[in-house]
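S.K.: I'll drop the sequence and a predicted model, then ask my questions.
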Amino acid sequence: EHNKLIHLDLDTAISPQSRQSILSAAACVCHAVDIVLNDDDDEQENDNNSNNNNSQKIVRAFCAVRPPGHHAEYDKSMGFCIFNNIFIGAKYARKWMADQRDIHTSKIAIVDFDVHHGNGTQALAWNEQHMFYASLHQYSADGTFYPGTGGMDECGAFDNVLNVPLKAGADGEDVKRAFNDRIIPRLHAFAPDLLMISAGFDAHCDDPLAELNYHENDYAWMTEQLVNVANEHCQ
């Protein structure tokens with residue numbers, strides 16, 4: 001029983017030891033939100049002064065967590081995902097801004113460049129007027145590429161979802177066109193208070209489970225564009 005696996009679907013299994021990792025993954029994202037949004041730098045300043053350094057506010061954070069989250073829906077775990085970590089973090093950020101800054105209309109953008117469509121994040125953000133979800137992913141119209149969602153006609157209840165499906169074989173040039181023509185303009189129009197990235201790296205050309213051809217410099221380029229948007233709009 002101690003090592004028993006419970007399969008939630010063909011890909012997703014948990015064991016009695018999974019609980020800590022599952023909870024820690026979501027908690028890590030919330031902790032990153034705390035660090036980035038917190039304006040009280042007293043503790044950090046004291047630590048830095050003890051080392052004769054100047055205090056510098058942290059404005060970005062990277063969460064290297066497992067299990068991942070973007071396939072998990074409200075009542076369904078799937079695709080290696082148990083809880084939707086980034087959406088939990090996004091909802092936490094909206095509550096944080098309401099409680100700490102009395103901002104009740106804060107806007108959160110999530111950009112997902114995993115090779116697979118984030119069906120769970122899309123479903124959770126669908127009816128959220130103050131959230132914007134954009135996904136760049138491999139897609140086949142016949143639904144044979146997992147998870148089968150992410151067509152251009154899936155736009156959210158408030159036109160707050162943007163899907164940019166790519167055909168097998170797409171590369172960095174296709175990424176740049178998608179970002180420059182569609183994703184970046186929509187982000188500027190939305191003007192988020194916080195920008196979050198669902199950063200899957202399985203669109204890399206060496207990944208055997210998909211058919212996109214990204215390279216390391218493509219991920220660097222995408223991240224730089226998103227940081228530029230955040231620097232312009234995020235509080």
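M.R.: Great, that's in hand.
S.K.: the lengthiest helix in the chain - contacts with which helices or strands?
M.R.: Counting residues, the longest helix found in the chain (DSSP state H) is helix 18-37. In this structure, helix 18-37 makes packing contacts with helix 85-101, strand 194-198, judged by 3 or more C-beta pairs under 8 Å, 6 or more residues apart in numbering; DSSP states H and E. The way it works is simple: take the backbone N, C-alpha and C, and place the C-beta from them, glycine included.
S.K.: what about 6 Å?
M.R.: Counting contacts by 3 or more C-beta pairs under 6 Å, 6 or more residues apart in numbering; DSSP states H and E, helix 18-37 packs against helix 85-101.
S.K.: the helix it packs on - contacts with which helices or strands?
M.R.: With contacts taken as 3+ C-beta pairs under 6 Å, 6+ apart, helix 85-101 sits against helix 18-37, strand 108-112, strand 194-198.
S.K.: the inter-axis angle of the longest one versus strand 108-112?
M.R.: Think helix 18-37. 120 degrees (axes from the mean of the first three to the mean of the last three C-alpha atoms, to 10 degrees).
S.K.: ok and helix 18-37 relative to strand 194-198, angle-wise?
M.R.: Using the same axes, to 10 degrees: helix 18-37 against strand 194-198 is 150 degrees.
S.K.: re earlier: give me the contact list for the longest helix of the chain.
M.R.: Contacts to helix 18-37, defined as C-beta atoms under 6 Å, 6 or more residues apart in numbering, come from residues 58, 61, 63, 65, 67, 82-83, 85, 88-89, 92-93, 96.
S.K.: circling back to that earlier point, would you turn the helices and strands packed on helix 85-101 into a markdown table with distance to residue 139, mean neighbour count and mean pLDDT?
M.R.: Output for these, formatted as a markdown table (distance: least, C-beta to C-beta, whole Å; neighbours: other C-beta atoms under 10 Å; pLDDT from 0 to 100):
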| stretch | distance to residue 139 | mean neighbour count | mean pLDDT |
| --- | --- | --- | --- |
| helix 18-37 | 26 | 17 | 96 |
| strand 108-112 | 13 | 26 | 98 |
| strand 194-198 | 16 | 22 | 98 |
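S.K.: okay, those in TSV with distance to residue 3 next?
M.R.: Formatted as TSV, those follow (distance: least, C-beta to C-beta, whole Å):
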stretch	distance to residue 3
helix 18-37	11
strand 108-112	33
strand 194-198	31
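S.K.: which one of those lies closest to residue 170?
M.R.: strand 108-112 (15.5 Å; C-beta to C-beta).
S.K.: partners of the closest one, with directions?
M.R.: strand 131-138 (parallel), strand 194-198 (parallel) (DSSP bridges).
S.K.: any chance of those strands in JSON lines, plus distance to residue 9?
M.R.: Listed next are the strands paired with strand 108-112 as JSON lines, based on distance: least, C-beta to C-beta, whole Å:
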{"stretch": "strand 131-138", "distance to residue 9": "19"}
{"stretch": "strand 194-198", "distance to residue 9": "20"}
